[in-house]
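>>> Next input, structure requested:
(chains A, B, C and D)
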2 protein chains.
Amino acid sequence: MEVASRLFYKQGYNSTGINQIIEEAGIARGSLYNHFPSKRDLLTAYIQAMEESSVAEWDEVIAGIKDPRKKILAIYDICIDRQIRSDFGGCPFIKVGSEIPCEDVGAFEMINKQKNADKSYFEKLIKELYLTNAEYADKELLAATLFLLMEGAMVTSTIAKDLQPLRNARKIAETLL
Amino acid sequence: MEVASRLFYKQGYNSTGINQIIEEAGIARGSLYNHFPSKRDLLTAYIQAMEESSVAEWDEVIAGIKDPRKKILAIYDICIDRQIRSDFGGCPFIKVGSEIPCEDVGAFEMINKQKNADKSYFEKLIKELYLTNAEYADKELLAATLFLLMEGAMVTSTIAKDLQPLRNARKIAETLL
DNA sequence: GTCTATAGCTGGATAGAC
DNA sequence: GTCTATCCAGCTATAGAC
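Next up is the predicted model:
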């Protein structure tokens, strides 16, 4: 049941109880524990589902754009749109990473994997952009910049409940590209 | 008692119980509730204490440096040092912001105030740097860039348990200045 | 496989002795 | 003001009927 996802994202993992999940999902306690042996397994499923839907959304939007430069800026637009849709809920992975105990190595690895994938996504688009322009040496640093700006803008936007940080990041990206 | 601060930072606010706090602090339940009527009040005190110690550390380090450019880079060095000291604990304000319910407007305002102060700190240093150079128009956007890079690098470093994102951010800042 | 009932514990908070 | 004892609600998880 992925009503859990909604609650984990909105309220946080620790603040969401099994009771609430089964109640809102309209199922029984035992049924849930049959599919997910523990709450922790629900978290794993949640993170994986978010990973897949996130990259799927990026791919989908990118597919309709030809100019690599516009592709990169479209990523920023997606994030702006997500913040609006989620009422400034922020990045689900950063949220989870902030509340799980650091002993939970497995969860951190999943999150880290996802963030590395995002960064690689930027690298891929940067390479596409500078395919013909070999003189631009430090493509990786540029991708890292775009990624860090994005992450910083997301957390800042979430705390301030304001889109301006993301718009700023987009503007900066525009001048960098 | 600010043994609570240590636990809030290390384990998270939600994951830290009153029981553990009084136990590790070696005091009784009632004593704590005399000074702090609720756990929430402990959180307020925690955030304020972190705010003060953070800005104090910045001021202290900055005071020993003359070149404005080096001052800004020193801020990045402080953050690198903090990540080492805290074993990649990350920014306490972002952590708290990720786990408290969004209804807690008071907490969000405190955190937001602190983040705005950080951003203003960058703006102040930028103005100092470009005092004689009036032609550099968009000082605020540059400060915003430095701030967003810092925030992004902090969260990324925390998730990856790696200093490289912060070192990258510092390198980027060097080229921007 | 899905249900109810309940175990076993820990959370935050209060009452009242001293 | 500091202590101990205790309340009650909530948590995760299990047992066992159907």
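>>> Kindly report the residues of chain A close to DNA strand D.
Proximity of chain A to DNA strand D, by C-beta under 7 Å from any atom of the strand, involves residues A:16, A:17, A:18, A:19, A:20, A:29, A:30, A:33, A:37, A:38, A:39, A:40. Heads up, the C-betas are built off the backbone N, CA and C, glycines and all.
>>> can you pick the most crowded of those?
Of all those, residue A:16 has the most neighbours under the rule other C-beta atoms under 10 Å in any protein chain shown, reaching 20 neighbours.
>>> Now render the residues of chain A next to DNA strand D as JSON lines, adding pLDDT.
As requested, the residues of chain A next to DNA strand D are exported to JSON lines (pLDDT from 0 to 100):
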{"residue": "A:16", "pLDDT": "97"}
{"residue": "A:17", "pLDDT": "97"}
{"residue": "A:18", "pLDDT": "97"}
{"residue": "A:19", "pLDDT": "97"}
{"residue": "A:20", "pLDDT": "97"}
{"residue": "A:29", "pLDDT": "96"}
{"residue": "A:30", "pLDDT": "95"}
{"residue": "A:33", "pLDDT": "97"}
{"residue": "A:37", "pLDDT": "96"}
{"residue": "A:38", "pLDDT": "97"}
{"residue": "A:39", "pLDDT": "97"}
{"residue": "A:40", "pLDDT": "97"}
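>>> Out of those, which sit inside helices?
Among the residues of chain A next to DNA strand D, DSSP state H puts A:18, A:19, A:20, A:29, A:30, A:33, A:39, A:40 in helices.
>>> Can you pull the poorly scored residue ranges out of chain A?
A:132-137 (pLDDT under 70).
>>> Relative to DNA strand D, how far out is the most centrally placed residue in it?
For chain A, the residue nearest the mean C-alpha position is residue A:91 (5.0 Å; C-alpha atoms, centre = their mean). Distance, residue A:91 to DNA strand D, using C-beta to the nearest atom of the strand, to the nearest Å: 22 Å.
>>> The residue lying closest to that residue once chain neighbours are set aside: what's it in contact with?
Residue nearest to residue A:91 in three dimensions, not counting chain neighbours: residue A:154, with 5.0 Å by C-beta to C-beta, 6 or more residues apart in numbering or on different chains. Shown in contact with residue A:154 (C-beta atoms under 8 Å, 6 or more residues apart in numbering or on different chains): A:79, A:83, A:90, A:91, A:94, A:166.
>>> Could you do residue A:95 as well?
Counting by C-beta under 8 Å, 6+ apart, residue A:95 has contacts A:9, A:12, A:89, B:98, B:99.
>>> Same check on residue A:141?
So residue A:141 contacts B:168, B:171, B:172 (C-beta under 8 Å, 6+ apart).
>>> Just send those back as JSON lines, with distance to chain A and neighbour count too.
Output for those, formatted as JSON lines (distance: C-beta to the nearest C-beta, whole Å; neighbours: other C-beta atoms under 10 Å in any protein chain shown):
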{"residue": "B:168", "distance to chain A": "5", "neighbour count": "21"}
{"residue": "B:171", "distance to chain A": "7", "neighbour count": "16"}
{"residue": "B:172", "distance to chain A": "5", "neighbour count": "22"}
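>>> now these as JSON lines including secondary structure?
As requested, the contacts of residue A:141 are arranged in JSON lines below (DSSP: H, G, I helix; E, B strand; the rest coil):
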{"residue": "B:168", "secondary structure": "helix"}
{"residue": "B:171", "secondary structure": "helix"}
{"residue": "B:172", "secondary structure": "helix"}
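>>> Nearest to DNA strand D among those?
residue B:168 (37.4 Å; C-beta to the nearest atom of the strand).
>>> Surely that closest one is in contact with residue A:148?
Yes - between residue B:168 and residue A:148 there is a contact under C-beta atoms under 8 Å: 6.9 Å.
>>> Which parts of chain A are strands?
In chain A, no strands are defined using DSSP state E.
>>> Helices along that one, start to end?
Counting by DSSP H, the helices of chain A are A:3-11, A:18-25, A:29-35, A:39-63, A:68-85, A:92-99, A:105-129, A:139-160, A:164-176.
>>> Make TSV from the ones you listed and add distance to residue B:53 to it.
Shown next, in TSV, are the helices of chain A (distance: least, C-beta to C-beta, whole Å):
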stretch	distance to residue B:53
helix A:3-11	30
helix A:18-25	37
helix A:29-35	44
helix A:39-63	33
helix A:68-85	30
helix A:92-99	20
helix A:105-129	27
helix A:139-160	19
helix A:164-176	25
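>>> Tell me which residues touch the residue of chain A found nearest DNA strand C, please.
Per C-beta to the nearest atom of the strand, residue A:30 is where chain A lies closest to DNA strand C, at 1.9 Å. Counting by C-beta under 8 Å, 6+ apart, residue A:30 touches no other residue.
>>> Next one: it relative to residue A:143, how far apart?
Distance of residue A:30 to residue A:143, given as C-beta to C-beta, to the nearest Å: 48 Å.
>>> same deal with residue A:94?
Taken as C-beta to C-beta, the span from residue A:94 to residue A:143 is 19 Å.
>>> Among these two, which residue is more densely surrounded?
Neighbours were counted for residue A:94 and for residue A:143 using other C-beta under 10 Å; residue A:94 has more, 23 against 20.
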